[in-house]
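Undergrad: Sequence plus predicted model, see below.
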Amino acid sequence: MIEQRAARRFAPTRAGIINLWDYRDEEFSFVDGWLVLRGPNGSGKTKALEVLFPFVLDGRIEPRRLNPFASEDRTMKSNLLYRGQEVTHAYVWMEFGDGEQYVTVGIGLRAHRHVDRVTRWHFVVDGRVGVDFSLLDADDRPLTRRDLIDRLGTDAVRDSAEDYRQLVDARLFGLGPARYEQLLDLVLTLRKPQLAKDLNPVELSRTLQRGLRPVEDHLLVEAARSFDDMEAVARTLEGLVAADAATAAFLAVYSTYLRTHARAAADALTARRDAVATRSTALGDARHAADAAAKAESAAGERLGAVEGEPGRLRAHLDSLKASAAYQSHEQLADLQRHVHDLAEAAGRADEAVVAEESAAARRRTESERATVAARDTRTAADRLAADLLLDAEAAGITWSADDATPDDLAARITARAAARRDDVRAVRA
């Protein structure tokens, strides 16, 4: 569990100071684990660093550890009673997160003007100040130790600073007591202001050696062996570089070949897929045709089964027909058919003659009508002529009666009268 928590790499996200020195309830936010304190002299930068690092990690209250300049002038009690209070409660806390969960560590303090000792209690809890729990009561005053236990539970609160350090190490770092102390010493060394001004390399080296994790022996052996093999590694690297260049040149040509081959294979695959699609369509059509032929064959089989007895029945019927009187009179029927044919031809000719006679009768009726009209006109003309003859006869002194003017034998009477008149003329002349 410790290795998993270390692998997630907790980083500080927030820190806070409540009712300590001139801070009423101050919160500091970290960005990607970093915090920058800027401000003029006397603004509280050193005081914030004094009560936070590494105090919230170890819980030690000695003035030389609290003050970055290792001075013993300012004690924690003076920080708590800075504004002249009689008694006060205060808290310092820091929040760590790994992106999924948050852990808050902190220290509660109580100071009384007439008591030299500062009472402390420590807590390590999952959650966030101001989100999951609060260190202030309803009257906006810091919680007492009892109130904090009521809120967080007895397992989260420790009175001993040593127990608190073990709990912080187990929850956040997993280093073990010795290495955790080395880490705190390293933080104290790096916290010193103007660290590089009076830099003692030997002392800094010793401090770093105490604070940093010692290198394991097998790693040193492997590093030494690596130095021995470095020249061989360099030669191998040169060979690998040359092989890489040759491989790259080969791949440039071979890639073109592979692309061409892949394109040809893809074209062949496309053609085969098209052929498969065409044949699949033809196969589907053939299957439909086979199904239709099977159905037709079944229907034909049924019809064949139904008519298998028909030839015998038809032969029997044919024999009965041949034995019948009608079949015996077949020749007579043929003669009658020929006679009917002749009669039909004669009837056709008679119909043609009737049509011709009807046409002639129509013409004759037309001619008769025209003759009637002509006779009527002739009679009219004859009447006018008879009247004219009567007048002429009277003028000529020829006896002429109305009966003589009748059309019947008019020409003969005119001829006879004309002859008599000529005879009279000759007699007169004689």
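TA: Yep, that arrived.
Undergrad: For Gly106, name its beta-bridge partners.
TA: On the basis of DSSP bridges, Gly106 takes part in beta bridges with Trp93, Phe123.
Undergrad: OK, contacts around it?
TA: For Gly106, the contact set (CB atoms under 8 Å, 6 or more residues apart in numbering) comprises 56, 91-94, 122-123, 129, 135. The C-beta positions use only the backbone N, C-alpha and C, and glycine is treated the same way.
Undergrad: Pull the most distant pair out of those residues.
TA: Greatest spatial distance in the contacts of Gly106: His122 and Val129, 14.8 Å, computed using CB to CB.
Undergrad: Pull up the distance across stretch 63-75, start to finish.
TA: End-to-end distance for stretch 63-75: 5 Å, by CA to CA, to the nearest Å.
Undergrad: Now, of the contacts of Gly106, which are buried?
TA: 56, 91-94, 122-123, 129, 135 (16 or more other CB atoms under 10 Å).
Undergrad: As CSV, those residues with distance to Val276 and pLDDT would be great.
TA: Shown next, in CSV, are those (distance: CB to CB, whole Å; pLDDT from 0 to 100):
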residue, distance to Val276, pLDDT
Val56, 76, 90
Tyr91, 80, 95
Val92, 79, 95
Trp93, 74, 95
Met94, 72, 95
His122, 79, 94
Phe123, 75, 95
Val129, 72, 92
Leu135, 77, 93
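Undergrad: Which one of the residues you listed is nearest to Arg384?
TA: Val129 (158.4 Å).
Undergrad: Against Asp25, how distant is that closest one?
TA: As defined by CB to CB, to the nearest Å, Val129 lies at a distance of 10 Å from Asp25.
Undergrad: Need the overlap of contacts for these two.
TA: With CB under 8 Å, 6+ apart as the test, Val129 and Asp25 both reach Gly16.
Undergrad: for the stretch 251-400 of the chain, which spans come out with low pLDDT?
TA: 326-331, 396-400 (pLDDT under 70).
Undergrad: What segments of the stretch 301-430 of the chain are helices?
TA: Along the stretch 301-430 of the chain, counting by DSSP state H, counting those that start in this stretch, helices occupy 310-323, 325-328, 330-396, 410-429.
Undergrad: now the ones you listed as a markdown table including mean neighbour count and distance to Ala275?
TA: Shown next, in a markdown table, are these (neighbours: other CB atoms under 10 Å; distance: least, CB to CB, whole Å):
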| stretch | mean neighbour count | distance to Ala275 |
| --- | --- | --- |
| helix 310-323 | 10 | 50 |
| helix 325-328 | 10 | 67 |
| helix 330-396 | 11 | 68 |
| helix 410-429 | 11 | 115 |
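Undergrad: As CSV, those helices with distance to Leu52 would be great.
TA: Below are the helices of the stretch 301-430 of the chain laid out as CSV (distance: least, CB to CB, whole Å):
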stretch, distance to Leu52
helix 310-323, 118
helix 325-328, 138
helix 330-396, 139
helix 410-429, 175
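Undergrad: For Asp169, which of those helices is the nearest?
TA: By CB to CB (comparing all of the helices of the stretch 301-430 of the chain), the closest turns out to be helix 310-323, at 111.3 Å.
Undergrad: so what's the residue lying closest to Ile61 once chain neighbours are set aside up against?
TA: Using CB to CB, 6 or more residues apart in numbering and skipping the chain neighbours, the partner closest in space to Ile61 is Met76 (5.0 Å). By CB under 8 Å, 6+ apart, the contact set of Met76 is 51, 61, 63, 66, 109, 111, 118.
Undergrad: let's go with 10 Å and repeat that
TA: By CB atoms under 10 Å, 6 or more residues apart in numbering, the residues touching Met76 are 20-21, 50-51, 55, 61-63, 66, 90, 109, 111, 118, 120.
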